[in-house]
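[1] just to be clear, the model below is a prediction. Sequence and coordinates:
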Protein chains: 2
Amino acid sequence: MSTVTDTIRNGVDTERMFGTLDLIKVQPELAKFQFRATNRWIDGSHNRSTIKGFYAAGGEDASRSKQWELDAGEPAILLGSDEGPNPAEYLLHALAACLTTSIVYVAAARMVELTSVESTLTGDMDVRGALGVDDEPRNGFERIAVSFRVTGNAPDERLREVLERATKRSAVYDMVTGGVPVAVQVTTD
Amino acid sequence: MSTVTDTIRNGVDTERMFGTLDLIKVQPELAKFQFRATNRWIDGSHNRSTIKGFYAAGGEDASRSKQWELDAGEPAILLGSDEGPNPAEYLLHALAACLTTSIVYVAAARMVELTSVESTLTGDMDVRGALGVDDEPRNGFERIAVSFRVTGNAPDERLREVLERATKRSAVYDMVTGGVPVAVQVTTD
């Protein structure tokens, strides 16, 4: 096998991965990141976020050449016209994506070659909370269920260990399960 | 002014809004919703969620005619190639979108006509947590800062009250600040 084949696993350059980890161990100040989004209301339930710039490893990122625009909306029953997935669905996507990438990176680090990672997420919500009809149900999901199917070149037990470690290290799983302090400020002119 | 002009405010049909609220007060079982996402790993840090179906108001939704596909990725410094916004950026978008829609709906209900709602969100992360280099920093954002600019046909104080109420009712704000129980299961064949 060539060196390239040895280094790239699950599409992840493990040599670069271990290099990054070693560098951050020596210079922990490089681990300070800041991600950002800006959002603009369009009409009704329709709004759009723009995502591009971030701070990483001691400076403002210059590697990203493009920006993304993400449209959010609501279905008719929530007074929109499906201008995009709704915000709660975006949260499920964020969680699915983060757990999946964590699985792929942990597997790469542990020499496990994956063949597929698929997941289905459900979030149960009593909308009386968010609609302000009743104070008893919370506004957000009461619970989220995540169902993974992971296959790869390793026994069942090893794949389960990868999932367990990935869950322990996922940034979005940590935030969604544990909460984050959020400071909101507003100007009106 | 025509009836239509009186009913639609900020692009929200307030007559339908109040009708929905009245209905849910009488039949609270209609408030049970379930949102969903399915995700599939593509390669490396690249994965894709599909969003369409949901359960609402006593049955499976039949109103949505389209599905969305959302691509997540990572920038080069996190071993990807910018296949999409990263999962933590999607979480910021979910939060921005939910707060914005809450502001628009609350304003509509309170007869406040908005002219603009813009926001910038930042999330600070020490990536030693998620990369597994150090157990001390958490995996997710240490803090999120949300900065809104809201303008409309109402005095400063009234607009601030709208924001305050919207924050109290936002589903994603509730989840991101308070956390949600997440159950993860896996099959490996």
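    Thanks, I have the structure now. Numbering: from 1, shown residues only, chains lettered A, B, ... in the order given.

[2] only C-alpha atoms from now on, for both contacts and neighbour counts.
    Fine.

[3] and the helix or strand harbouring A:Thr151 with chain B, contact?
    According to DSSP states H and E, A:Thr151 maps onto strand A:143-152. Yes - judged by CA under 8 Å from any CA of the partner chain, strand A:143-152 comes into contact with chain B at A:143-151.

[4] what is that strand packed up against?
    strand A:114-126, helix A:156-169, strand B:182-187 (3 or more CA pairs under 8 Å, 6 or more residues apart in numbering or on different chains; DSSP states H and E).

[5] the inter-axis angle of that strand versus helix A:156-169?
    140 degrees (axes from the mean of the first three to the mean of the last three CA atoms, to 10 degrees).

[6] in strand A:143-152, what counts as buried?
    Buried residues in strand A:143-152, defined by neighbour count with 16 or more other CA atoms under 10 Å in any protein chain shown: A:143-148, A:150-152.

[7] cool, stretch A:10-17 as well?
    Buried, per 16+ other CA under 10 Å, within stretch A:10-17: A:10-14, A:17.

[8] next: stretch A:109-120.
    Here stretch A:109-120 shows A:109, A:112-114, A:116-120 as buried, counting by 16+ other CA under 10 Å.

[9] now swap in stretch A:17-33 and tell me
    Buried-residue list, stretch A:17-33, by 16+ other CA under 10 Å: A:17, A:20-21, A:24, A:28, A:30-33.

[10] where do the helices sit along chain A?
    A:3-7, A:14-26, A:87-109, A:156-169, A:171-178 (DSSP state H).

[11] what's the neighbour count on A:Asp135?
    A:Asp135 has 12 neighbours, counted by other CA atoms under 10 Å in any protein chain shown.

[12] what does the one 5 residues further on give?
    Number of residues near A:Gly140 (other CA under 10 Å) recorded here: 25.

[13] my read: it touches B:Thr177, true?
    No - if you go by CA atoms under 8 Å, A:Gly140 and B:Thr177 don't touch, sitting 10.3 Å apart.

[14] count of neighbours near the residue nearest to A:Glu74 when sequence neighbours are not counted?
    Distances taken as CA to CA, 6 or more residues apart in numbering or on different chains place A:Gly80 nearest to A:Glu74, at 4.5 Å, with adjacent residues excluded. A total of 20 residues lie near A:Gly80 under the criterion other CA under 10 Å.

[15] same question, A:Ala57
    So A:Ala57, with other CA under 10 Å, has 17 neighbours.

[16] my read: it touches A:Gln27, true?
    No - at 9.5 Å, A:Ala57 does not count as touching A:Gln27 under the criterion of CA under 8 Å.

[17] low-confidence regions, chain A specifically.
    Along chain A, segments meeting pLDDT under 70 span A:1-5.

[18] how does it look with 80?
    Filtered on pLDDT under 80, chain A yields the residue ranges A:1-6.

[19] which ones are touching A:Val172?
    A:94-95, A:98-99, B:87-88, B:91, B:139-140 (CA atoms under 8 Å, 6 or more residues apart in numbering or on different chains).

[20] now A:Lys66: closest residue in space that isn't a chain neighbour?
    A:Lys52 (6.9 Å).

[21] phi, psi of that neighbour?
    phi -150, psi -70 (degrees, to the nearest 10).

[22] go ahead and confirm it touches A:Ala62.
    No - taking contacts as CA under 8 Å, A:Lys52 lies outside contact range of A:Ala62: 10.1 Å.

[23] fine by me, we can end here.
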